[in-house]
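Engineer: model the structure of this input:
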Amino acid sequence: MCYITICDDVFEERRKLRRFLKDGLGASGMEAEIMEYDSGVSLLSDWKRDGIPMDMLFLDIYMKGPDGVETARRLREEDCRADIIFLTVSPDFAIEGYEVGAAGYLLKPLEKEKLKHLLGRLLQRQNPAMLSLRQGNSVYSIVPSEILYIESSRNKLTVHTVREKISCYGRLDDLAVRLPEKQFLRCHQSFLVNMDRIYSAKDDFRMENDAIVPIRVRERKAIRETYFQYLTEKNL
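Structural biologist: Alright, predicted model coming up:
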C-alpha cells in the first residue's frame, strides 16, 4: 500500500492529478490511498495532530500562504520523510526545492507521461534489486535505496542505512560498481553517498539522518554540480 497526498488549492488540478495517479498506479499494480488538501494550512494541521501516513506528497508551489516551499520546510521540521514532488508553472524554485530534499518537479499543465515516468522511478525506489553483504558468518540483504552513505577506513567498510549500520571488509571501489551508478556519488576518497538521501548540500553533504558527509575540498564545486545536475536530470 502506498499513501499519497495531493495539496493544491485548485480543485480541477487535484482532480486531474488524482486521475493520472490512478492510471499510473493501476499500470504498476500498486494499491494506493490518496488524500487531498486545498491548502498548506490544513495539511500542516493534520500532520501535526494526527501524523497522517504519507509516502509521497504532490505539493503545489503557488498557494496562498504558506506556499508550497514553506509548507515543505515546516513538514521537514516536523520530521516528515515523504517524497515531495513540487507542482509548479515555473522551475524558478529549484534551489529551494533542493533545500527540502525535493524528489521531483512536475510542470503545469501536467503531462501524463512525465508523471508516469516520475511515479515509476519513485515506486522503483521502494522495490529495487537487493544488495548482499557479508559480515562474519552473517549475510545481510540491503535495498540500495535505503543506503544513506558508505564510509571506508583501510579495508573496512561501514554501510549506513536508514535502519542500521553494517560493517564488512572490502574496498569502496568494488562495492561502488555493485550499486546504481547514477544514484551514488564518490564525494570523497573515503565516502560514497546516495544522492537521493541528501538533505542539503553546502560545504559538505547533510544526510536525512543529520549525518555530515565530507566533500573533497579540491573538487567541491564539481561534486556539488554533479549532485545538482543529477537532481535536474532525474526530474525531466
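Engineer: let me see the ranges of the helices in this protein.
Structural biologist: Ranges of helices within the chain are 11-28, 40-50, 68-77, 94-99, 112-126, 172-176, 220-234, based on DSSP state H.
Engineer: got TSV for these, with distance to Tyr199, mean neighbour count and mean pLDDT too?
Structural biologist: Every C-beta, even on glycine, is put in place using the N, C-alpha and C of the backbone. Output for the helices of the chain, formatted as TSV (distance: least, CB to CB, whole Å; neighbours: other CB atoms under 10 Å; pLDDT from 0 to 100):
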stretch	distance to Tyr199	mean neighbour count	mean pLDDT
helix 11-28	26	15	89
helix 40-50	18	16	93
helix 68-77	8	20	93
helix 94-99	8	16	62
helix 112-126	16	16	79
helix 172-176	22	14	89
helix 220-234	12	14	89
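Engineer: quick one: closest of the ones you listed to Phe58.
Structural biologist: For Phe58, the closest of these is helix 11-28, at 6.0 Å, according to CB to CB.
Engineer: distance from the chain centre to that closest one, please.
Structural biologist: Its chain's C-alpha centre and that of helix 11-28 lie 21 Å apart, by CA atoms, centre = their mean, to the nearest Å.
Engineer: tell me the angle it makes with helix 112-126.
Structural biologist: Per axes from the mean of the first three to the mean of the last three CA atoms, to 10 degrees, the angle that helix 11-28 makes with helix 112-126 is 60 degrees.
Engineer: what comes into contact with helix 11-28?
Structural biologist: With contact meaning CB atoms under 8 Å, 6 or more residues apart in numbering, helix 11-28 is reached by 2, 4, 6, 8, 31-32, 34, 36, 38, 58, 60, 87, 108, 110, 112, 115-116, 119-120, 123.
Engineer: can we see that at 7 Å?
Structural biologist: Here helix 11-28 makes contact (CB atoms under 7 Å, 6 or more residues apart in numbering) with 4, 6, 8, 32, 34, 36, 58, 110, 112, 115-116, 119-120, 123.
Engineer: before we move on, the earlier item: can you put the helices of the chain in TSV and add distance to Arg134?
Structural biologist: As requested, these are exported to TSV (distance: least, CB to CB, whole Å):
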stretch	distance to Arg134
helix 11-28	33
helix 40-50	40
helix 68-77	36
helix 94-99	36
helix 112-126	25
helix 172-176	12
helix 220-234	30
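Engineer: list the contacts of the closest residue to Arg81 other than its chain neighbours.
Structural biologist: Nearest non-adjacent residue to Arg81, counting by CB to CB, 6 or more residues apart in numbering: Glu208, 6.8 Å away. With contact set as CB under 7 Å, 6+ apart, Glu208 has these partners: 81, 148, 197, 199.
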